[in-house]
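# Structure for this input, please:
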Amino acid sequence: MNHSASNRPFQPQPADAAGVISWVHLGDLHMTKAGEQNHLDLIEIVNDVNRALASSVSFVFLPGDVADDGSRAAYAVVRGELDRLNVPWCAIIGDHDVHEKSFANFLEAMSERTHYAFTVASVRFVAMNAFDVPHPASFTVSEDQMAWVKRELQTATDAGQTKVLLLHCYPSDLKVGGSELMEVVRNLGVCLIDMGHTHYNEIANDGKTLYSATRSTGQIEEGPVGYSITNIDSNIVSWRFVELGKLPVVMITSPSDERLLTNSSETPEGNLKVRAKFWGEAEAVRATAHLDGRDVSMKRVGNSQVWEANVSAPHESVYSLAVSVEDVRGKVATDEIRIAVGQRAERESVERDQDNALEAWPEHGLLGTQLGPNKNGKKW
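Sure thing, here's the model as predicted:
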């Protein structure tokens, strides 16, 4: 089998028929050799995606630290499983990927380029390289790459596109280019930065930009193994960690959970359009929205996995909104969020991106323990 990256040009699938853009995030694999637990977990994650998600996600994202030692042998193990995926995938560089102080093995196995951009519907994804100096301690974005990022984001802004950065770490973790990137993110209205590196699930909200980190697959310090799913429905971001073997799952894609509202987001009021997306191994047959003591039947949107209903909003307050979906086998998946109807306080934030992390949200996989090499200072 030829595992050369040049033989698999990345082309994401379009948004689903309901217009919702979804992607799967596989946390840092830190692969070493075949047969170890992270390899066995990757096998099952690929099986999950192929069985239940492949027809309704645009791509699978690997956020760096694919190979623990950056070796060709470790990448070969990863490619052996990724080549089974029935959905396009893309990867970026992490510190472990340049342990040999070279991009050569990563470029051979995982990507034709160290940084690149692509579009799905109205969203422009800018995939960055946090190691322009190929050394695991560099955390460097060069002036050339920064200029390229600015051009990409400005072009997307001019085109009216939503902007998402794919980056191995928080911008504040960069040793070179971090301050400039944070300024660019603020000035050019980046909606979301999707990251690895932390080894724990985390979402931060500074009032302008959301930052999502998915915990490691290969170096696990909190919770069970799994993967995250992110959706963008119009300009609304939803995120949830899915434990391996816990399908089916449903995610409310609209309206937004109030924890994920930024200062530019609109709060719902009046008649709510409730939308939710379902993934499972069996067909969904019914969906119900639950709000303020009322149950409202939902209808499936065309040839999609999205269900929707119009629900009249109660008076101004914060409410629990839930959606339950039942499949033909009788299995029920439920999601629940917190919505602010007609009111919300301006979100207070501090300067450093990761210091705006949300509190624990265990229903969506945020355990709040933050075990890993970042906030607890652990080293790998």
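
# Stretch 204-211 spans what distance, first to last residue?
5 Å (C-alpha to C-alpha, to the nearest Å).

# How about stretch 253-271?
Stretch 253-271: ends 16 Å apart by C-alpha to C-alpha.

# same question for that stretch, mean pLDDT?
Stretch 253-271 carries an average pLDDT of 82.

# what's the most centrally placed residue in the chain in contact with, if anything?
Nearest to the mean C-alpha position of the chain, counting by C-alpha atoms, centre = their mean, stands Thr230 at 4.4 Å. By C-beta atoms under 8 Å, 6 or more residues apart in numbering, Thr230 lies in contact with 22-23, 25, 192, 194, 212, 237-239. C-beta here means a position set from N, CA and C on the backbone, and glycine is covered the same way.

# one more time with 7 Å, if that's ok
22-23, 25, 194, 212, 237, 239 (C-beta atoms under 7 Å, 6 or more residues apart in numbering).

# Identify the bridge partners of it.
Trp23, Trp239 (DSSP bridges).

# Return the member of the contacts of Thr230 nearest to Ser254.
Val237 (10.3 Å; C-beta to C-beta).

# Can you name the residues that contact the closest one?
191-192, 210, 230, 260.

# Doesn't it belong to a helix?
No - per DSSP: H, G, I helix; E, B strand; the rest coil, Val237 lies outside any helix segment and is strand.

# Give me the phi and psi for Pro362.
phi -60, psi -30 (degrees, to the nearest 10).

# That one: neighbouring residues, count only.
The local packing of Pro362 (other C-beta atoms under 10 Å) involves 11 other residues.

# Excluding sequence neighbours, find me the nearest residue to it.
Leaving aside its sequence neighbours, Pro362 sits nearest to Gly368 (C-beta to C-beta, 6 or more residues apart in numbering; 7.8 Å).

# where does Leu247 land in three-state SS?
coil.

# List the residues that contact it.
48, 52, 279-281.

# can I get these in CSV with neighbour count?
Formatted as CSV, the contacts of Leu247 follow (neighbours: other C-beta atoms under 10 Å):
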residue, neighbour count
Asp48, 21
Ala52, 20
Trp279, 26
Gly280, 21
Glu281, 12
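
# Mind checking which of those are in strands?
Using DSSP state E, the subset of the contacts of Leu247 located in strands is Trp279.

# Now render the contacts of Leu247 as TSV, adding distance to Gly245.
As requested, the contacts of Leu247 are exported to TSV (distance: C-beta to C-beta, whole Å):
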residue	distance to Gly245
Asp48	8
Ala52	11
Trp279	13
Gly280	12
Glu281	11
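
# Widest-spaced pair of the contacts of Leu247?
Most distant of the contacts of Leu247, by C-beta to C-beta, are Asp48 and Gly280, 10.6 Å apart.

# would you put the C-alpha positions of the biggest helix by length in the chain in PDB?
Criterion DSSP state H: the longest helix present in the chain is helix 143-158. Only the C-alpha atoms of helix 143-158 are listed here, as PDB (Å, rounded to 0.1, in the frame of the first residue of the first chain):
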ATOM      1  CA  GLU A 143       6.600  36.200   9.500                       C
ATOM      2  CA  ASP A 144       5.900  34.600   6.100                       C
ATOM      3  CA  GLN A 145       3.200  32.300   7.500                       C
ATOM      4  CA  MET A 146       1.700  35.200   9.500                       C
ATOM      5  CA  ALA A 147       1.500  37.300   6.300                       C
ATOM      6  CA  TRP A 148      -0.200  34.400   4.600                       C
ATOM      7  CA  VAL A 149      -2.700  34.000   7.500                       C
ATOM      8  CA  LYS A 150      -3.600  37.700   7.300                       C
ATOM      9  CA  ARG A 151      -4.200  37.500   3.600                       C
ATOM     10  CA  GLU A 152      -6.400  34.400   4.000                       C
ATOM     11  CA  LEU A 153      -8.500  35.900   6.700                       C
ATOM     12  CA  GLN A 154      -8.800  39.200   5.000                       C
ATOM     13  CA  THR A 155      -9.900  37.500   1.800                       C
ATOM     14  CA  ALA A 156     -12.500  35.500   3.800                       C
ATOM     15  CA  THR A 157     -13.700  38.600   5.500                       C
ATOM     16  CA  ASP A 158     -14.200  40.400   2.200                       C
END
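
# For this structure, which residues score under the pLDDT cut-off?
1-8, 264-270, 343-346, 371-380 (pLDDT under 70).

# Which parts of it belong to which domain?
13-246, 258-341 (automatic domain parsing).

# Out of those domains, which is closest to Ala360?
domain 13-246 (10.0 Å).

# Off-centre distance for the closest one?
Counting by C-alpha atoms, centre = their mean, to the nearest Å, domain 13-246 is centred 7 Å from the centre of its parent chain.
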